[in-house]
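Q: sequence first, then the predicted structure, then my questions.
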Amino acid sequence: MSLRLRFAAISDVGRVRKDNQDSGYAGPWLLTVCDGVGGAAGGATASSTAVQQLRRLDAPPPEGHAPEELLGLVSGALHRAHDRLGEAVEHDSDLSGMATTATVAVFDGERLAIGHIGDSRAYLFRDGALSRLTHDHTFVQTLIDEGRISEEEAMVHPHRNLILRSLDGASEIEPDLFLVDLQSGDRLMLCSDGVSGSLPDGRLADVLATGTADYAAVELVRASLEAGSSDNVTCIVADVVPADEAAAPDETSEPLLVGAAAELRRKLPFGTSLFRGHRNGDTGELEPVVDPDVPLPPGAIPDDPIAPDAHEAARYAPRPPRRHPWIRHVLVLALVIGLVWVASAAAWSWTQRQYYVGVHDDAVTVFRGLDTSFAGVDLSEPYETTDLTLDRLSEFDADKVREGISATSLDDAHRAVNALAEKAAAPGATPPADPADASATPTATPSGTPAPTPAAPSTTPAP
C-alpha cells in the first residue's frame, strides 16, 4: 500500500433549516456522506442509521484482495444499510417514508471502490482539474442527460430536489459501483447537495486548489452558505499522500463522524460558530474508546472502537413498539368510517332533491333521485305517478320520456309533465295506439274557435 489519506470532515445545519439531516464519516479507509429525507426526525434517523452501518467498512482491506472484491464489500454494506432502514420503520411507523442518499468511497491504499445512490456527490481534483466521479439519480439529471437543460439551469430548477433512487428500506436499490485509481497529489471531495447545489464546478475547483484538506472543507461550507444554500451542508475532503509521508501537525488519524450522526461538536475558539449569522456547526469527532461505565444500547457492537454513548445511540435507534398500538388503529378506523358516513349522508340528501320525468308501468312518472344506477342499484325511485300514458304521446315525446327528462326541481318536473299533457291533447296529436280507437276519426276544432286548454294530468304519489 503506497498511499494513505489525510482527511477532514465538517457539517453545518445551515441558515434556514432547524435540524441537520446530513451525516458524514471520514476515516483512514472510508469516506461517506448521506443526506436524509423524510422530515426532521426521519431524515436525521435515515442518514445516521446508514452511516452507522457503512462505517464498518473502515478497516484495512483483506490481503491479496482483488479490486472487484472491494465493490462487493461496498454493495453489501449499502444493502445492509437499506435493510436496516426497513427494520427501523417496522419498529416505528412514524419513520415511514424516510430515506437517504449515500455516497461511499472505500480506500485500499491504491484505489477507491465507490458506491453511490441519490444526489450526494464525489469529486476528484487532480493536476488542477476537477472531475465529478458520481452521477446524480435525480429528475433534473435526466433532463441534463437528454440535453433539455444545462447544468446552470439545473441548479435553479424547481424540481432539482426530486430524487429517483435512494436507500429507503422498501424498494429495490441499484447503486452505482465503480473503481477509481489514485495517485499521490490527488484531492477527493464528497459532499451533500447543500454544497454541489450552490457552488458551480469552477468555484469548487478554486477552493479545492488552496490550503489543507481541513481548510478546504471549512471554506467549501462557508462558500456554500454565502452563496445562499438553504439546505444542510456537509463536506469531506481527503488528500492522497505517500504512505511514508510524515503526518502534518494538525492531522488526525482518528475517524470523524459529523452531522446528524455525530456525538460531539467541534470545539471552536471562544465558543463561536465558524459561520456568522446561523447556528453553530454540527461537526463532531468521536472518542476512539467506548466508556466502559456507559451501558451499550441494543444492537451495539461491544468491540466497536467508535460506538457513540448510549444517549446518542438511543436517539437514532428504533424505538420499541408502543403499548396498545391497536387503539390508534381503532381510532383511525372510526374516524374514516365517520367521514365516509357523513359524506354518504350528504350525498344521499342531495340526491333526494333531484328529480326527472320518466316512465313507470307505461305511465309518465316523476322520479326522485338520479337517472342512473351504481353497481346494479338504481339511484332513483318513483315519486309521483300521473294518468298520462305513453300511448297518448307522440313517438318523439315518448322516446324523450323513456330516456328521462331532467328537471331542476319538483316544480320543474311538474311543468314538464304538463307540457307533455298539452301536446298530447292538442289538435293533430298522435291518435291513441289502442286498436279499438284505430278507426276513430279525430274531431277537428272549428275554425276560429279556440281549442280548450287541457287540464293538467292528475298525479298520484307513488307508493
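A: In hand now; what should we look at?
Q: in the stretch 301-450 of the chain, which spans are strands?
A: Applying DSSP state E, counting those that start in this stretch to the stretch 301-450 of the chain gives strands spanning 355-360, 363-374, 377-389, 405-407.
Q: would you mind finding the most buried of those strands?
A: Ranked by mean neighbour count under mean count of other Cβ atoms under 10 Å, the strands of the stretch 301-450 of the chain are led by strand 355-360, which reaches a mean of 21. In this view, the C-beta of every residue, glycine as well, is placed from N, C-alpha and C.
Q: what strands line up against that strand, and which way round?
A: Here strand 355-360 is paired, per DSSP bridges, with strand 363-374 (antiparallel), strand 405-407 (antiparallel).
Q: and the strands in the stretch 101-250 of the chain, which stretches?
A: According to DSSP E, counting those that start in this stretch, the stretch 101-250 of the chain carries its strands in the segments 102-107, 111-117, 121-126, 129-132, 176-181, 187-191, 233-242.
Q: show me what counts as buried in the third one.
A: Within strand 121-126, the residues scored as buried using 16 or more other Cβ atoms under 10 Å are 121-125.
Q: report all helices and strands that it contacts.
A: For strand 121-126, the packing partners by 3 or more Cβ pairs under 8 Å, 6 or more residues apart in numbering; DSSP states H and E come out as strand 102-107, strand 129-132, strand 187-191, helix 201-208.
Q: for the residue nearest to the spatial centre of the chain, give its distance to residue 169.
A: In the chain, the centroid-proximal residue (Cα atoms, centre = their mean) is residue 97; its distance is 7.1 Å. When distance is defined by Cβ to Cβ, to the nearest Å, residue 97 is 10 Å away from residue 169.
Q: and if you look at residue 411?
A: From residue 411 across to residue 169, the span is 62 Å (Cβ to Cβ).
Q: burial measure for residue 336, as a count.
A: Using other Cβ atoms under 10 Å, residue 336 is surrounded by 10 other residues.
Q: pLDDT wise, what is residue 47 at?
A: pLDDT recorded at residue 47 is 95.
Q: what angle do strand 102-107 and the strand or helix carrying it make with each other?
A: Counting by DSSP states H and E, the element that carries residue 47 is helix 39-54. For helix 39-54 against strand 102-107, the angle by axes from the mean of the first three to the mean of the last three Cα atoms, to 10 degrees is 20 degrees.
Q: helix, strand or coil for residue 15?
A: Recorded secondary structure, residue 15: coil (DSSP: H, G, I helix; E, B strand; the rest coil).
Q: wait, it sits on residue 230?
A: Yes. With contact defined as Cβ atoms under 8 Å, residue 15 reaches residue 230; the gap is 7.5 Å.
Q: who's in contact with the one helix or strand residue 84 maps to?
A: Using DSSP H and E, residue 84 sits within helix 67-91. Outside helix 67-91, the residues that touch it by Cβ atoms under 8 Å, 6 or more residues apart in numbering are 45-46, 49-50, 53-54, 56-57, 61-62, 95-96, 98-100, 102, 104, 106, 108, 111, 113-115, 117, 167-170, 173, 175, 177-179, 318-321.
Q: since that was my last question, I'll sign off now.
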